[in-house]
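Enquirer: My questions are about this predicted structure, shown below with the sequence.
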Amino acid sequence: MKTLRLFAIFLLLAAATVLVRLSLAGRREASSAPPVAVSVEKEGISFQLAVEPIDGYDAGALATRSDARVSLTLRDARTGEPLRGLRPLAWMSKDRGGAQEPPGEAACRERIRGYLGGLLATRPDVDLNGYLVVTLDDGNSLSVINPLVAFGRTRLERLITLSGRPEDWALAPDGKTLYVTLPHVDRLAVVDTAALRVEGSVDTGSRPTRVAVAPDGATVWVGNDGAGTVSVIDAASRSERATLAAHEGHVELAFHRESGTAWIASSGSPLVEIYALEELQRVGTVDVGFAPAAIATSPLSRAVYVAGGAGVVEIDPERRRIANRVALEGAVSALAVDPGGRWIFAASREAGTLAAIDASNATVRHAWSGLGEPDDLAFSDDYLYVRDRAAARIHLVERARLATATGPGLVEIPVGQRAPMAGGRSQAASIVDTPEPGTVLVANSADRALYVYREGMMAPVGSQLTYGREPRAILVLDRALREEAPGRHVAHASLRGNGRYTVALLLESPRIATCFPVEVEGIPEVERPDEPMFAFTPLTDTGRSFAPGEPVELRFRLADAAGASPAPEELSLLVHRAPGNHQWRPVPVAEGGGVYRVRFEPPLEGRYRLLAAAPLRGVRLGDLPPVEFSVAAPPPAVGKAAP
């Protein structure tokens, strides 16, 4: 009997041991990186690539792709140690027509050269080095646009529907969450930037407008213009931690990292309130002597700057009192601190002026006039951009020349057709720097378009219509591979379904190029919306040749089987010239009965194609037949010698 009892105890202990081991194994598996889908080795480096679905992804009505997370791990092939600090470039293209052998070394390098050159014929299905553009629309939505998408597909990635009209937004430090104020419904929307969908919302005070995220990302601060308060939202629990007293009027926010304080300025009072970031207790008040219009901090001078009236005050955050006053011409309406922290820029819409204040001595170093009505200031690596709300133009200031005695001159660049003030404007920025060196995007709500400007050019190099919506503000979501752990780079990807893909990888140092296949499985595939297709009928005789610079008017009919047609703002048109990579985005005019016309002046000889799409109806560029026409110089007149 005793033997049986001991044997039973032994079995129980053995079973418990097995259960513990299984539990630990499960924990290790759950906490480890996703399983490696493919592993290749080249020149002493091991490349391990895995693809997994994004957790909780809920496809929107406009989704035509499947969202996934791609992880690329680089290790020393001999020791297995992760290789830190490398910056891989990667592309994925789906193999058509069954399994194919990966390209050889020469063909692989040629493919990568095509990807780097942006050639239409060699666009990848997935660019793991790209970015997305988000516009804050005039309606209850955010538009997500892919500016680098392949020719023949829609550029509208997603339409994020909100419960109210958005006014301002702020991105969390890790880039994973976007907070959007909705003043008409007194809420703060929380947007997942990976899945591109609203995760939830938080109640705020009356008419929330400005929003800012604390430097550590732990709290989100919302200025309630209708209540004269600030709601402090806990980023983890998404609940309100405190309601802080401000003053009447529009609320502006700034954080001073070194002292761990938040600064609140209201347009209805000269008193600037100071709160501790951790304790959320008021720790001081500064009377600036005027109604503040803007507030900012400088990491270099470690000071706080408040603008309003006809000047800027510098506040010592430790003593919490005014250190300097800088008098300026006209009421200051915009304030910005350059990324280095030395230069404080103040613009006056009233006087049409811009001043550069040297933070080292709180004096005006340079001043410019004749800027119209400057209302938005933005920075790239080399320039300050100043938008004129009263004219279709921007001004550039070369930052490297600010330290010289003469200073930089103003460079004026035309942008768009109409003055931005004819459209809507939000509290957020209308000019943003992009991951492409020397390139910025400018939103013009009046034109309902985005303009691409490349430094060194005297005009935008391209434009992108925003599908009938006014882009009142703009921001960039970087989707490039990012090193989240030593040697492990992660990026979001919108795949074209499951199947076999060819991955192309490039390392700059050491210089390595390689291509290999990967089989993608288990990604939830999203069906295209079941929308009626349209019959496309060209109505213009394009048999004759047009001359360069001659106006070309193209007419076409677009209607479904029931005779219904999309509105002009729902159409996306593209004119493409061959040979070359020239593109134009004309705006259609409706004549009625499903008939539209487009007027276009081709600048060069060549073969042109007009393509039409209705992205919101599920009709992409390339789904409908093109309208083709030729442009050639006319032959010399008979009896006259050719010049």
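Expert: Looks like it came in fine.
Enquirer: buried stuff in stretch 71-81?
Expert: Neighbour-count burial for stretch 71-81 flags 71-75, 77 (criterion: 16 or more other Cβ atoms under 10 Å). For every residue, glycine as well, the C-beta is placed using N, CA and C.
Enquirer: Now render the residues you listed as JSON lines, adding pLDDT, secondary structure and distance to residue 358.
Expert: Output for those, formatted as JSON lines (pLDDT from 0 to 100; DSSP: H, G, I helix; E, B strand; the rest coil; distance: Cβ to Cβ, whole Å):
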{"residue": "71", "pLDDT": "92", "secondary structure": "strand", "distance to residue 358": "46"}
{"residue": "72", "pLDDT": "94", "secondary structure": "strand", "distance to residue 358": "45"}
{"residue": "73", "pLDDT": "94", "secondary structure": "strand", "distance to residue 358": "47"}
{"residue": "74", "pLDDT": "95", "secondary structure": "strand", "distance to residue 358": "44"}
{"residue": "75", "pLDDT": "95", "secondary structure": "strand", "distance to residue 358": "49"}
{"residue": "77", "pLDDT": "92", "secondary structure": "coil", "distance to residue 358": "53"}
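Enquirer: Between all of these, which two are separated the most?
Expert: Across the buried residues of stretch 71-81, no pair lies farther apart than 71 and 77, at 18.2 Å, counting by Cβ to Cβ.
Enquirer: Could I get the contacting residues of residue 194?
Expert: Contact partners of residue 194, counting by Cβ atoms under 8 Å, 6 or more residues apart in numbering, are 54, 67, 69, 176, 492.
Enquirer: which of those lies closest to residue 278?
Expert: Distance to residue 278 across those (Cβ to Cβ) is lowest for residue 176, with 22.9 Å.
Enquirer: Please give the element, helix or strand, for residue 209.
Expert: Assessed by DSSP states H and E, residue 209 sits inside strand 208-213.
Enquirer: just the helices in the protein please.
Expert: Shown for the chain, the helices assigned by DSSP state H span residues 2-31, 105-117.
Enquirer: quick one, domains of this protein?
Expert: The chain resolves into domains spanning 31-128+481-520, 273-370, 377-478, 535-631 when parsed by automatic domain parsing.
Enquirer: These: which one's closest to residue 220?
Expert: Short answer: domain 273-370, nearest of these by Cβ to Cβ, at 12.0 Å.
Enquirer: For the closest one, measure first residue to last.
Expert: 35 Å (Cα to Cα, to the nearest Å).
Enquirer: on that earlier part again, tell me which strands and helices the strand holding residue 209 is in contact with?
Expert: Counting contacts by 3 or more Cβ pairs under 8 Å, 6 or more residues apart in numbering; DSSP states H and E, strand 208-213 packs against strand 169-171, strand 177-182, strand 187-192, strand 219-224, strand 251-256.
Enquirer: Pipe the ones you listed into a markdown table and attach mean neighbour count, distance to residue 372 and mean pLDDT per row.
Expert: Listed next are the helices and strands packed on strand 208-213 as a markdown table, based on neighbours: other Cβ atoms under 10 Å; distance: least, Cβ to Cβ, whole Å; pLDDT from 0 to 100:
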| stretch | mean neighbour count | distance to residue 372 | mean pLDDT |
| --- | --- | --- | --- |
| strand 169-171 | 20 | 26 | 98 |
| strand 177-182 | 24 | 28 | 97 |
| strand 187-192 | 21 | 34 | 94 |
| strand 219-224 | 25 | 28 | 98 |
| strand 251-256 | 23 | 23 | 97 |
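Enquirer: Residue 291: which of the ones you listed is closest?
Expert: Nearest of the helices and strands packed on strand 208-213 (Cβ to Cβ): strand 251-256, 11.0 Å.
Enquirer: re the thing from before, which one of the helices of the chain has the lowest average pLDDT?
Expert: Confidence, taken as mean pLDDT, is least for helix 2-31 of the helices of the chain (a mean of 40).
Enquirer: can you count the residues close to the residue nearest to residue 277 when sequence neighbours are not counted?
Expert: Leaving aside its sequence neighbours, residue 277 sits nearest to residue 260 (Cβ to Cβ, 6 or more residues apart in numbering; 4.9 Å). The tally of other residues near residue 260 (other Cβ atoms under 10 Å) stands at 17.
Enquirer: Can you give me every residue that contacts residue 260?
Expert: Residues in contact with residue 260 (Cβ under 8 Å, 6+ apart) are 276-278.
Enquirer: same thing but 10 Å
Expert: 214-216, 275-279, 283, 317 (Cβ atoms under 10 Å, 6 or more residues apart in numbering).
Enquirer: quick check, nearest of the residues you listed to residue 223?
Expert: residue 275 (12.6 Å).
Enquirer: for the closest one, which residues make a bridge with it?
Expert: Beta-bridge partners for residue 275, by DSSP bridges, are residue 262, residue 282.
Enquirer: from what I can see it touches residue 254, true?
Expert: No. The pair residue 275 and residue 254 does not pass the contact test of Cβ atoms under 10 Å, sitting 11.3 Å apart.
Enquirer: residues shared between the contacts of these two?
Expert: 221, 261-264.
Enquirer: Looking at those residues, point me to the pair that's furthest apart.
Expert: The span of the shared contacts of residue 275 and residue 254, defined through Cβ to Cβ, is set by 221 and 261 at 11.9 Å.
Enquirer: which neighbours do the two share?
Expert: Jointly contacting residue 221 and residue 261 under the rule Cβ under 10 Å, 6+ apart are 254-255, 275, 277.
Enquirer: Now do the same contact list for residue 224.
Expert: 181, 183, 186, 204-210, 230-231, 243-244, 246, 251.
Enquirer: Name the nearest residue to it, sequence neighbours excluded.
Expert: residue 205 (3.1 Å).
Enquirer: Quick check: phi and psi on the one you found?
Expert: phi -80, psi -170 (degrees, to the nearest 10).
Enquirer: Any idea what the most centrally placed residue in the chain is bridged to?
Expert: With distances taken as Cα atoms, centre = their mean, residue 476 lies nearest the centre of the chain, 1.6 Å away. Listed beta-bridge partners, residue 476: residue 133 (assigned using DSSP bridges).
Enquirer: these two touch, right, it and residue 441?
Expert: Yes. The pair residue 476 / residue 441 is scored as a contact, 7.3 Å apart, by Cβ under 10 Å.
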